[in-house]
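In: here are the coordinates; sequence isn't available:
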């Protein structure tokens, strides 16, 4: 595969996600009980993006770019294999965090190691923008954490901007850069 990494800092074309296949079927998630304890529970849902959802994602990615962020994309020719969206607006009391709002590998490309390349490059882009840590709001699927070797942390609401909302289907983690 002759894949190339691109750092995109200009607004994205409306067709940016046309070749991207987002699909995740989840059966078990992490949750936090009222005492703050982490546990696993059965929960089934499917996350699959149609054209309207892809346009919503592009709007958010353009919002990130407008605030000094970047989209890191790995492509093979015209085919988008994976992408990550890094918001350029600092978070935290000292502006030490940047929000990694998206990191996705297209369904047919999973298990080939390109997600790791993508994560390494987006971390580098965050450091280049002055970040010390990444704030990651991720899907709480148990598979997500086991497949990528991430460790779950309890919600870190003090790092989230006051006007942000946190989805029920989201776990929050910090990654040291």
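Out: Structure received. All values derive from a computational prediction rather than experimental measurement.
In: model confidence over stretch 84-104, on average?
Out: Averaging pLDDT along stretch 84-104 gives 89.
In: Show residues contacting that stretch.
Out: For stretch 84-104, the surrounding residues in contact (C-beta atoms under 8 Å, 6 or more residues apart in numbering) are 20, 22, 57, 60-61, 63-65, 67-72, 82-83, 115, 118-119, 121-122, 125-126, 129-137, 159-161, 174-175. Yep, even glycine has a C-beta here, placed from its N, CA and C like the rest.
In: Touching, residue 6 and residue 70? I think so.
Out: No: taking contacts as C-beta atoms under 8 Å, residue 6 lies outside contact range of residue 70: 9.8 Å.
In: More neighbours: which of the two?
Out: Neighbour comparison, residue 6 and residue 70: the larger count goes to residue 70, with 24 against 14 (by other C-beta atoms under 10 Å).
In: For the more buried one, name its beta-bridge partners.
Out: residue 86 (DSSP bridges).
In: give me every residue that touches it.
Out: Applying C-beta under 8 Å, 6+ apart, the residues contacting residue 70 are 7-9, 64, 86, 88, 122, 125, 129.
In: Could you say which helix or strand holds the residue of the chain most remote from its centre?
Out: Residue farthest from the centre of the chain, counting by C-alpha atoms, centre = their mean, is residue 35 at 27.5 Å. Using DSSP states H and E, residue 35 sits in no helix or strand.
In: Give the residue spans of this structure that score low on pLDDT.
Out: The model of the chain has pLDDT under 70 over residues 1, 144-177.
In: so the residue nearest to the spatial centre of it is in which element?
Out: Nearest to the geometric centre of the chain sits residue 102, at 2.4 Å (C-alpha atoms, centre = their mean). Here residue 102 is covered by strand 97-105, with elements defined by DSSP H and E.
In: That strand: what's the following helix or strand?
Out: Taking DSSP H and E, what comes next after strand 97-105 is helix 114-128.
In: ok, the nearest residue to residue 54 once chain neighbours are set aside - contacts?
Out: Nearest non-adjacent residue to residue 54, counting by C-beta to C-beta, 6 or more residues apart in numbering: residue 17, 4.1 Å away. With contact set as C-beta under 8 Å, 6+ apart, residue 17 has these partners: 49, 54, 57-58, 80, 83.
In: so which of the residues you listed is the most crowded?
Out: residue 83 (25 neighbours).
In: residue ranges for the helices of the chain, please.
Out: Secondary structure of the chain (DSSP state H): helices at 51-66, 114-128, 142-148.
In: With respect to burial, which of those helices scores highest?
Out: helix 114-128 (a mean of 18; mean count of other C-beta atoms under 10 Å).
In: which residues touch it?
Out: By C-beta under 8 Å, 6+ apart, helix 114-128 touches 3, 5, 7, 70, 72, 74, 81-84, 86, 98, 100, 103, 105, 134, 148, 175, 177.
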